[in-house]
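Colleague: with the input below, show me the fold.
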Amino acid sequence: MFAGFSTATVATSGAAIHTLRGGSGPPLLLLHGHPQTHVAWHKIAARLADRFTIVLADLRGYGDSSKPPGGERHVNYAPRALALDQIEVMRSFGFERFGVAGHDRGGRVAHRLALDHPAAISRLAVLDIAPTLTMYERTDKNFATSYVWWFFQIQPYPMPEHLIGLDPEFYLRAHLERQSKTPGAFTEAAIAEYLRCYRNPETIHAACEDYRAAASIGLELDAADRAAGRMVTAPLLALWGAKGVVGTTYDVLATWREKAVEVSGAALDCGHALPEEAPEATLEALLAFFA
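Modeller: This next block holds a predicted model:
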């Protein structure tokens, strides 16, 4: 799915991050969400590589990246730790400043990247998310029902790990199908790769640690940024699925204008998985924004 891309494992200060790199031009980092891997970008990565040097990374705990212990209060999966991984990945390739696009969990890591390392981020695109603190603070029955994994996977170990581990294929497929509004968007080749990684009990545990950290340390970081008036200074593009939960629950642009200085964006005709449900529209928007 990534012909012409080279693979490398980058040792960061806290993990070993699996990466692919291809193309030429300005550097652009692509980050995936849960329960996926870098494969989420397979429909558009090669065409982006015609214009950019593309770096795809499996987030810490996902795909073929390492799964370190969570540590006290899940600190090793806090958004700040996952963001630092990506700074160190890009520096290992010689990129001190770069654009970043993140979908789902990857968008939340990208948001933290732009807050913690503003000099490194030239432009930021977030796909089908509203800010994490906003989403938790405005939770109602509809959101809690629609995003049940946000509340299930933060439960203490080992309950969610045990239940997911009883049938990880069912959980993964149900998760993807529930969020997608485009039948056939997920190719069997992509699903096979997601399953290969998600069947690993260490991946399931790491994914739960990611959610636990985001709902604890991550919220504390976000609240501290808000109290300090700290905002994203890089231009921010928000894309979302018009048929998805985020798009039908929030005024997405308004939520990001509370967090960033310069915000633009639009809804695409799809559900949650923009790069796989609406690859052409996603590609067009990213090319226009990062060009």
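Colleague: can we go C-alpha only for contacts and neighbour counts from here?
Modeller: Fine.
Colleague: can you show me the helices along the stretch 101-250 of the chain?
Modeller: Ranges of helices within the stretch 101-250 of the chain are 105-116, 132-137, 141-146, 148-152, 159-166, 168-179, 188-198, 201-214, 217-228, 245-249, based on DSSP state H, counting those that start in this stretch.
Colleague: save those helices as a markdown table, and put in mean pLDDT and distance to Arg91 too.
Modeller: As requested, the helices of the stretch 101-250 of the chain are exported to a markdown table (pLDDT from 0 to 100; distance: least, C-alpha to C-alpha, whole Å):
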| stretch | mean pLDDT | distance to Arg91 |
| --- | --- | --- |
| helix 105-116 | 98 | 13 |
| helix 132-137 | 98 | 27 |
| helix 141-146 | 96 | 38 |
| helix 148-152 | 98 | 32 |
| helix 159-166 | 98 | 34 |
| helix 168-179 | 97 | 33 |
| helix 188-198 | 98 | 26 |
| helix 201-214 | 98 | 24 |
| helix 217-228 | 98 | 24 |
| helix 245-249 | 97 | 33 |
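Colleague: okay, those helices in CSV with distance to Leu283 and mean neighbour count next?
Modeller: CSV is the format used below for these (distance: least, C-alpha to C-alpha, whole Å; neighbours: other C-alpha atoms under 10 Å):
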stretch, distance to Leu283, mean neighbour count
helix 105-116, 16, 25
helix 132-137, 25, 15
helix 141-146, 27, 13
helix 148-152, 28, 15
helix 159-166, 33, 16
helix 168-179, 20, 16
helix 188-198, 18, 17
helix 201-214, 27, 24
helix 217-228, 30, 15
helix 245-249, 19, 18
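Colleague: so who does Thr134 touch?
Modeller: Each residue near Thr134 by C-alpha atoms under 8 Å, 6 or more residues apart in numbering is listed here: Thr255.
Colleague: out of the helices of the stretch 101-250 of the chain, flag the one nearest Phe98.
Modeller: Proximity to Phe98, assessed across the helices of the stretch 101-250 of the chain by C-alpha to C-alpha, is greatest for helix 105-116 (10.6 Å).
Colleague: what's the closest one packed up against?
Modeller: Taking 3 or more C-alpha pairs under 8 Å, 6 or more residues apart in numbering; DSSP states H and E as contact, the helices and strands that helix 105-116 lies on are strand 27-31, helix 79-92, strand 98-103, strand 121-127.
Colleague: okay if I get these as CSV plus distance to Glu277, mean pLDDT and mean neighbour count?
Modeller: Output for the helices and strands packed on helix 105-116, formatted as CSV (distance: least, C-alpha to C-alpha, whole Å; pLDDT from 0 to 100; neighbours: other C-alpha atoms under 10 Å):
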stretch, distance to Glu277, mean pLDDT, mean neighbour count
strand 27-31, 17, 99, 25
helix 79-92, 26, 98, 21
strand 98-103, 13, 99, 24
strand 121-127, 12, 98, 24
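Colleague: figure out which of these is closest to Ala213.
Modeller: helix 79-92 (7.4 Å).
Colleague: so can I have a markdown table of the helices and strands packed on helix 105-116 showing distance to Leu236?
Modeller: Formatted as a markdown table, those follow (distance: least, C-alpha to C-alpha, whole Å):
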| stretch | distance to Leu236 |
| --- | --- |
| strand 27-31 | 14 |
| helix 79-92 | 17 |
| strand 98-103 | 10 |
| strand 121-127 | 5 |
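Colleague: figure out which of those is closest to Arg199.
Modeller: Nearest to Arg199, of all those, is strand 27-31, at 20.7 Å by C-alpha to C-alpha.
Colleague: how about the CA coordinates for the closest one, as PDB?
Modeller: Extracted as PDB, the C-alpha positions of strand 27-31 are listed here (Å, rounded to 0.1, in the frame of the first residue of the first chain):
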ATOM      1  CA  PRO A  27       8.000  17.800   5.400                       C
ATOM      2  CA  LEU A  28       4.500  16.700   6.400                       C
ATOM      3  CA  LEU A  29       3.800  14.300   9.300                       C
ATOM      4  CA  LEU A  30       0.600  12.200   9.200                       C
ATOM      5  CA  LEU A  31      -0.800  10.800  12.400                       C
END
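Colleague: for it, packing partners?
Modeller: On a contact count with 3+ C-alpha pairs under 8 Å, 6+ apart, strand 27-31 meets strand 53-57, strand 98-103, helix 105-116.
Colleague: of all these, which lies closest to Pro26?
Modeller: Ranking the helices and strands packed on strand 27-31 by their distance to Pro26 (criterion: C-alpha to C-alpha) puts strand 53-57 first, at 5.7 Å.
Colleague: give me the residue at the spatial middle of this protein.
Modeller: The C-alpha lying nearest the average C-alpha coordinate of the chain belongs to Gly106 (C-alpha atoms, centre = their mean; 1.4 Å).
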